[in-house]
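Visitor: fold the following.
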Amino acid sequence: MLKSLFSGVSGLQSHQVAMDVESNNIANVNTVGFKYSRANFSDLLAQTKAIATAPQGQLGGKNPVQVGLGSTVSSMTRIFSQGSIQNSDKNTDVAIQGDGFFIISPDAGNTYKYTRAGDFKFDAGGNFVDNNGFIAQGWLRDPVTGKVDSTAPIENINIPPGLTTPASPTSEVVLKANLNSGPLVESYSRAYQIDDAGVVSDYNGNTTGVNSGDVGSMFNSNGEAFSLQNGQGITIDYGDGTVQTYEYQSDGTGDFQSLKDLRDKIKADVNLVSPNATVVVDDQGKIKIDNSAAGGAALNITVEPLLAGGVTENTRFLTTMSALEGSLPNVTGAVAFSQDFNAATHSSSIDIFDSLGTKHTLRTEFRKVSASKWNMTITVPEPSTISTSAPTNQVNGSITFNTDGSLSTYDPTSVSFTGNNGSAPNQTVKLSFGTPNNFDGMTSFDSKSATSGISQDGFTGGDLIGIRIDQSGTLIGSFSNGRSFGLAQIAMAKFTNNEGLATEGGNVYNQTANSGDPIIGTAATAGRGFIQSSALEASNVDLSRALTQLIIIQRGFQANGKTITTSDQLLQTLIGLKQ
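Guide: Purely as a prediction, here's the structure:
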């Protein structure tokens, strides 16, 4: 009879522990990173009334006769299921999606503790701490290599307040561009001045004329040249609003076998300028162009070899034709002008930095000189100077291409410049235009010349203005100079038996003999989970399950209480027998 009393008492005690466990779960329904627990019941030792016997002959075996002595809580199981991820507005909040723990230290790295709560922050000293003030552990950026080495021992994560990054001089410029492999464009175009009388002069003030080569090249504001094709014209807009248009319609090519053939072809072209002009061949074989148009302005015509057009140079022919004259309609009411043009067919510019972080514009100009070769000129603006033996402040070189448009060779492969502002002199900058016989840099196809990519590795100094955390747990600093790089990386630990960890409050776990040693590494490796920034892991307590469990525990407790009262009534009956 007394056994039932004690069984009831043990049941009350067990259910009381279960009630304590479930109440703790409900109390932590909103605790960041909390993992709920479960009380595991087991029976106590049983009193054996009779042992089991084996079958003998015609008599069967007998089972043991045992009476249980109650129940107890044999163990606690902590359930490490994933809690829901809740976004936050704090960039230093982090949540683990998957297995693993953050490593924290209460004594500057001498001992370690573990947590799933990722509500970290920076203290006044730049330490990355949790709500207990324990410092998160990880790896810091090596100031020599500029990298975060996750194979090194872990240490306190500390980012000094007011962190700045020094200037880094440019050591390499990478250029990717296509240079048009199409027909060669003339490498120059003359500048002229037209006065009110219609006289055309060059920049030296000498009276001159305009030929097809002069009007056949136009340039944009970047100094890039264009060919004037048949049927296209140039428009001159003067100050009084009067517009005059001149067109160049000669194809510039042709064959002749006699002076008469040549005269006919020249006459056809001259008549494009003045329909009244005549072309005759005298008895000495000289060709004379005569234009009797009234009020016409003198036009000196010079015939020169256009090698790109396939005409072979003939010095005697040049001398013979040098004095020919034609005529242009007289230009009236004009305003004098003069303009210099740059004949670069393609150019690219990028800002590079010296040792003080000062910007200098490195400009590279390309001029086509043959089907597969381009000359290039590299300059920086004053007061900077490029180290060169040339009298001008520029470096000249060339770049060649293969027949498939891939890069063949280029020279120079580097340049040196001095900022002349107190920065380090003779700063060498590597020019990376691609790999020979490949298409990973400069190319030359029959398409528009264009720069597809240009970059350099230098930067000016900057102040830390923000920190974000990526999925690998790297704390990436953003600086006022536009640079961003990793400053530290959060370490994570994984255990063979998470349930073997001991809790000490404050969302902190301790290693035990049954948890195994921590396996430390980076997030998203070796079974460790991902890190999600600006988010927190909510408690994994399910209220519907917890409240249902409360009902079960309550009824179990009531039933065990009934066992005690019933046993008491039986005892009262026994006592009454004596009366």
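Visitor: residue 131 belongs to a helix, doesn't it?
Guide: No. The assignment for residue 131 is coil, going by DSSP: H, G, I helix; E, B strand; the rest coil, so no helix is present there.
Visitor: that one against residue 505, yeah?
Guide: No. When contacts are counted by C-beta atoms under 8 Å, residue 131 is not listed as touching residue 505 (11.7 Å). In this view, the C-beta of every residue, glycine as well, is placed from N, C-alpha and C.
Visitor: which one's more surrounded, these two?
Guide: When residue 131 and residue 505 are compared on other C-beta atoms under 10 Å, the one with more neighbours turns out to be residue 131, at 13 against 6.
Visitor: neighbours around the nearest residue to that one once chain neighbours are set aside, how many?
Guide: Of all residues beyond its chain neighbours, the one nearest residue 131 is residue 119 (6.1 Å), with distances taken as C-beta to C-beta, 6 or more residues apart in numbering. Other residues near residue 119 number 18, with proximity taken as other C-beta under 10 Å.
Visitor: pretty sure residue 263 sits against residue 279.
Guide: Yes. Look at residue 263 against residue 279 with C-beta under 8 Å: they come within range, at 5.2 Å.
Visitor: shared neighbours, the two?
Guide: Common contacts of residue 263 and residue 279 (C-beta atoms under 8 Å, 6 or more residues apart in numbering): residue 287.
Visitor: and those two? Which one has more around it.
Guide: residue 279 (21 against 18).
Visitor: ok, and the closest non-adjacent residue to the more buried one?
Guide: Ranked by C-beta to C-beta, 6+ apart and with sequence neighbours excluded, the top spatial neighbour of residue 279 is residue 267, at 4.0 Å.
Visitor: pLDDT (mean, whole number) over the host helix or strand of the one you found?
Guide: Assigned by DSSP states H and E, residue 267 belongs to helix 259-273. Confidence for helix 259-273, expressed as mean pLDDT, is 73.
Visitor: okay, which residue is most central for the chain?
Guide: Centroid-nearest residue in the chain: residue 484, 9.7 Å away (criterion: C-alpha atoms, centre = their mean).
Visitor: okay, now the sheet partners of the helix or strand harbouring residue 429, with direction.
Guide: With elements taken from DSSP H and E, the one containing residue 429 is strand 427-432. The partner list of strand 427-432 in its sheet, established with DSSP bridges, is strand 172-178 (parallel), strand 414-418 (antiparallel).
Visitor: got the domain boundaries for this protein?
Guide: In terms of domains, the chain is parsed into 2-81+541-578, 89-166+463-537, 172-182+345-460, 192-328 (source: automatic domain parsing).
Visitor: quick one: contacts of stretch 126-134?
Guide: Outside stretch 126-134, the residues within contact range by C-beta under 8 Å, 6+ apart are 92, 102, 104-106, 113, 115, 117, 119-123, 135-136, 138, 156-161, 475, 488, 506-508.
Visitor: which ones among the residues you listed lie within strands?
Guide: Counting by DSSP state E, these place 102, 104-105, 113, 115, 121-122, 135-136, 138, 156, 475, 488, 508 in strands.
Visitor: which of the residues you listed are buried? Put it as a PyMOL command.
Guide: Those of these that count as buried under 16 or more other C-beta atoms under 10 Å are selected in PyMOL with:
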select buried, resi 102+104+105+113+115+122+135+136+138+156+475+488+508
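Visitor: I'd like the ones in strands among the contacts of stretch 126-134 written out as a markdown table, with distance to residue 15 and pLDDT added.
Guide: Formatted as a markdown table, the entries for the ones in strands among the contacts of stretch 126-134 read as follows, by distance: C-beta to C-beta, whole Å; pLDDT from 0 to 100:
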| residue | distance to residue 15 | pLDDT |
| --- | --- | --- |
| 102 | 36 | 98 |
| 104 | 36 | 98 |
| 105 | 40 | 98 |
| 113 | 33 | 98 |
| 115 | 31 | 98 |
| 121 | 41 | 97 |
| 122 | 46 | 97 |
| 135 | 42 | 98 |
| 136 | 40 | 98 |
| 138 | 44 | 98 |
| 156 | 46 | 98 |
| 475 | 48 | 98 |
| 488 | 49 | 98 |
| 508 | 29 | 97 |
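Visitor: hmm, back to that, who are the packing partners of the helix or strand just after the helix holding residue 267?
Guide: Per DSSP H and E, the first helix or strand lying C-terminal to helix 259-273 is strand 278-281. Contacts defined by 3 or more C-beta pairs under 8 Å, 6 or more residues apart in numbering; DSSP states H and E place strand 278-281 against helix 259-273, strand 287-290.
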